[in-house]
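S.K.: Could you look at this predicted model? Sequence included:
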Amino acid sequence: MDKKIIDIMEGALRRFIEELIQSENGPSEDDIEYIKSEREYIKRLKAI
């Protein structure tokens, strides 16, 4: 996959995590599952 697209996806995920850290409620169970699945997806894209 195009490195630029992967970089954009990683940046978006980082911003999402930063927003969760700064939020009053913190991450929910769904947020944590989303982060895990996105990290795995990005990892698979890098392997291609």
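M.R.: Cool, the structure landed. Owing to the predicted nature of the structure, the values given are computational and were not obtained by experimental measurement.
S.K.: what sits against the residue nearest the centre of the chain?
M.R.: Per C-alpha atoms, centre = their mean, the C-alpha nearest to the average position across the chain is that of Leu13, at 3.0 Å. Taking C-beta atoms under 8 Å, 6 or more residues apart in numbering as the contact definition, Leu13 lies against 35, 38-39, 42. (Each C-beta comes from the backbone N, C-alpha and C, glycine too.)
S.K.: which intervals of this protein have sub-threshold pLDDT?
M.R.: Low-confidence segments of the chain (pLDDT under 70): 1.
S.K.: which one among the contacts of Leu13 gets closest to Ile8?
M.R.: Top of the list for closeness to Ile8, among the contacts of Leu13 and by C-beta to C-beta, is Ile42 at 10.5 Å.
S.K.: Now do the helices in the protein.
M.R.: Remark: helices assigned in the chain by DSSP state H are 3-22, 29-47.
S.K.: Which positions within the first one qualify as buried?
M.R.: This points to helix 3-22. For helix 3-22, a neighbour-count test (16 or more other C-beta atoms under 10 Å) marks 6, 13, 20 as buried.
S.K.: circling back: taking the contacts of Leu13, please make a ChimeraX selection of just the buried ones.
M.R.: Buried residues within the contacts of Leu13, by 16+ other C-beta under 10 Å, are selected in ChimeraX with:
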select :38,42
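S.K.: How far off centre is stretch 17-34?
M.R.: 11 Å (C-alpha atoms, centre = their mean, to the nearest Å).
S.K.: Could you do stretch 35-48 as well?
M.R.: Worked out by C-alpha atoms, centre = their mean, stretch 35-48 lies 9 Å from the chain centre.
S.K.: Alright, I will stop here.
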